[in-house]
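Student: Sequence plus predicted model, see below.
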Amino acid sequence: MNRKIILTFTLSLFILVFSPLSSLPPYRLLSQDFPSLKDVEDEVFHGKEMKIRERKSREDSVSKRGDYRSITPEHGDVNDLDSYCDIYLTMKKHGYKGVDFKMVLNDIMNIVEASEDIDGSKSTVSIKLNLSGQNRNLWMEKGILIVSGNKQMTPDESELIRRSLDVFPSEISSSVRAVISMDEKGYDPKGEQSGWTWEDDSGIICINDLDKYHNKNKESYINTFMHETAHVLEHTGFINKQQLAKRDRLWDASEKGTGDFISSYAETSRKEDLAETFARYTSDTIDFYARALMQFNEGKSDILLKKLELISDIYKYTREGKEYTYIYDTTHDGKITKKEIPLKTYKIQSKEYVLPDASSITYTGQAPVFMRRLPKEVIINKELEILQKD
């Protein structure tokens, strides 16, 4: 009897040591089909979570140097790509926070970008994360991921994000690497946080549920995405030092409660001021333009006009020796239009402002009540005419 027990134990030990599973990377166990999958999954996931946490302090210090994308995972070769995707999928099932999704997703994209076969690696990610349709095309062609986090991203949400990316110049949209759908209260004590990103160059945005956090308002959802994109542009260095210096001067000169800020949230910090201003410009440039001119004309400061000038400069490009910018309009149902407009130097009260050429602006939408019931482009030209007489 004892010999039988010893023989059984020896055989079991032999199978355990020489089993094919023992030669796999530790996280590969997630994808194996055997009875104790749940136990192994929990153990492996916990181990991976600890590795993520251990890396956090190093990431914080590296991000200050602006080279966050250079951080590679501990098991960073392409053979581990399946495993990192499995970890991401496990996190979805367990409902982890945005920061956890961001860290693993950054690992996945870093492995892909370092791969000798980028298209093949992208295809692996596409299959593992179950990307389809236009989201798959966006990933395969432009390297931008639109994925679900702790909530399933709806078709409407995916469409709104793609629309927003489509109207950006390519150099702006390429700064965004991933967008994650979330349901997370975050740091807002009222639970009203609609989206967030991080102060590093990861280019990853989290955006909360359209129905729950945006009251099904598609324009609000797009505005949040534009706001977070502005943070990404600042953190990745797309917004240059001269533009940030101007942002700081305008912030220092702005007075709360006077109309110098485009929103009350813009009053909270210089970073939020820039993000809110960028989002409003990119949602409805003409509304912003008219509001800034009317404020100036009513004897108030020109701060808002200078902020509009700053955002139009961020969008500025040169073609055949002439400078242009873009203006935008967003409808309540989430349709975005973009128009190319020449930049023009206006001399107003002995100061010069480089602004979108008002004579090139047309608008077919419904002007709000404060616009004196006139079309917005008429308001802009009327206000500029009054200002330029001085």
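Tutor: Looks like it came in fine. Numbers count the residues shown, from 1 in each chain.

Student: what's the average pLDDT for stretch 353-372?
Tutor: On average, the pLDDT along stretch 353-372 is 64.

Student: what does stretch 185-197 give?
Tutor: The model assigns stretch 185-197 a mean pLDDT of 66.

Student: Check stretch 291-311 too.
Tutor: 90.

Student: where does the stretch 151-300 of the chain have low pLDDT?
Tutor: 186-192 (pLDDT under 70).

Student: And the strands in this protein?
Tutor: Secondary structure of the chain (DSSP state E): strands located at 145-148, 178-182, 195-196, 204-208, 317-319, 322-330, 336-348, 351-356.

Student: Sheet-wise, list the partners of the fifth one with their directions.
Tutor: The strands beside strand 317-319 in its sheet (DSSP bridges) come out as strand 322-330 (antiparallel).

Student: cool, and the second one?
Tutor: Next to strand 178-182 in the sheet, as set by DSSP bridges, lie strand 145-148 (parallel), strand 204-208 (parallel).

Student: Please compute how far it lies from its chain's middle.
Tutor: 8 Å (Cα atoms, centre = their mean, to the nearest Å).

Student: The last one too?
Tutor: Between the mean C-alpha point of strand 351-356 and the mean C-alpha point of its chain there is a distance of 30 Å (Cα atoms, centre = their mean).

Student: Between strand 322-330 and it, find me the angle.
Tutor: Going by axes from the mean of the first three to the mean of the last three Cα atoms, to 10 degrees, strand 351-356 is angled at 60 degrees with respect to strand 322-330.

Student: Which residues does strand 351-356 contact?
Tutor: Contacts to strand 351-356, defined as Cβ atoms under 8 Å, 6 or more residues apart in numbering, come from residues 285, 289, 302, 305-306, 308-309, 312-313, 323, 325, 327, 341-346. The way it works is simple: take the backbone N, C-alpha and C, and place the C-beta from them, glycine included.

Student: Give the buried residues for that strand.
Tutor: Across strand 351-356, burial judged by 16 or more other Cβ atoms under 10 Å covers 353, 355-356.

Student: now do the first one
Tutor: With burial defined by 16+ other Cβ under 10 Å, the residues of strand 145-148 counted as buried are 145-148.

Student: Next one: E159 from I336, what distance?
Tutor: Per Cβ to Cβ, to the nearest Å, E159 is found 11 Å from I336.

Student: higher neighbour count, these two?
Tutor: I336 (19 against 15; other Cβ atoms under 10 Å).

Student: what sits against that one?
Tutor: Contacts of I336 by Cβ under 8 Å, 6+ apart are 163-164, 166-167, 222, 328-330.

Student: Pick the one among the residues you listed closest to Q243.
Tutor: Y328 (18.5 Å; Cβ to Cβ).

Student: now K256: how far from T268?
Tutor: Distance from K256 to T268, by Cβ to Cβ: 10 Å.

Student: Oops, could you answer that again for Y281 instead?
Tutor: 19 Å.

Student: One more: G120?
Tutor: Taken as Cβ to Cβ, the span from G120 to T268 is 45 Å.

Student: Tell me which stretches of the stretch 251-390 of the chain form helices.
Tutor: 270-283, 285-297, 303-314, 376-389 (DSSP state H, counting those that start in this stretch).

Student: Of these, which is nearest Q134?
Tutor: Comparing these under Cβ to Cβ, the one sitting nearest is helix 270-283, at 21.1 Å.

Student: Which other helices and strands does the closest one contact?
Tutor: helix 218-235, helix 241-253, helix 285-297, helix 303-314, strand 322-330 (3 or more Cβ pairs under 8 Å, 6 or more residues apart in numbering; DSSP states H and E).

Student: Could I get the buried residue list for the last one?
Tutor: Applying a neighbour-count criterion of 16+ other Cβ under 10 Å, the buried positions in strand 322-330 are 324-330.

Student: One more: the second one?
Tutor: Of the residues in helix 241-253, those scored as buried under the neighbour-count criterion (16+ other Cβ under 10 Å) are 243-244, 246-247, 250-251.

Student: what sits up against that helix?
Tutor: With Cβ under 8 Å, 6+ apart as the criterion, helix 241-253 contacts 234, 239, 260, 270, 273-274, 301, 303, 306-307, 310, 313-314.

Student: what do you get if the cut-off is 7 Å, keeping everything else the same?
Tutor: 270, 273-274, 303, 306-307, 310, 313-314 (Cβ atoms under 7 Å, 6 or more residues apart in numbering).

Student: and what of the longest one?
Tutor: Helix 218-235 is contacted from outside by 160-161, 164, 172, 175-176, 194-197, 199-201, 203, 205, 207, 210, 214, 239, 271, 274-276, 278-279, 282-283, 330, 332-334, 336, using Cβ under 7 Å, 6+ apart.

Student: Buried members of those residues into ChimeraX, please.
Tutor: To isolate the buried subset of the contacts of helix 218-235 in ChimeraX, counting by 16+ other Cβ under 10 Å, use the following:
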select :160,161,164,172,175,176,194,195,196,197,200,201,203,205,207,210,214,239,271,274,275,276,278,279,282,283,330,334,336
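
Student: could you dump stretch 94-114 to PDB, C-alpha only?
Tutor: C-alpha atoms of stretch 94-114 as PDB (Å, rounded to 0.1, in the frame of the first residue of the first chain):
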ATOM      1  CA  HIS A  94     -13.500  42.400 -11.900                       C
ATOM      2  CA  GLY A  95     -14.400  46.100 -12.500                       C
ATOM      3  CA  TYR A  96     -11.000  47.700 -11.800                       C
ATOM      4  CA  LYS A  97     -10.400  51.500 -11.800                       C
ATOM      5  CA  GLY A  98      -9.200  53.600 -14.700                       C
ATOM      6  CA  VAL A  99      -5.700  53.900 -13.500                       C
ATOM      7  CA  ASP A 100      -5.300  50.100 -13.500                       C
ATOM      8  CA  PHE A 101      -6.700  49.800 -17.000                       C
ATOM      9  CA  LYS A 102      -4.400  52.700 -18.100                       C
ATOM     10  CA  MET A 103      -1.200  51.000 -16.800                       C
ATOM     11  CA  VAL A 104      -1.900  47.600 -18.500                       C
ATOM     12  CA  LEU A 105      -3.100  49.300 -21.700                       C
ATOM     13  CA  ASN A 106       0.100  51.300 -21.800                       C
ATOM     14  CA  ASP A 107       2.100  48.100 -21.500                       C
ATOM     15  CA  ILE A 108       0.100  46.500 -24.400                       C
ATOM     16  CA  MET A 109       0.700  49.500 -26.700                       C
ATOM     17  CA  ASN A 110       4.400  49.800 -25.700                       C
ATOM     18  CA  ILE A 111       4.900  46.100 -26.600                       C
ATOM     19  CA  VAL A 112       3.100  46.700 -30.000                       C
ATOM     20  CA  GLU A 113       5.100  49.800 -30.800                       C
ATOM     21  CA  ALA A 114       8.400  48.000 -30.000                       C
END
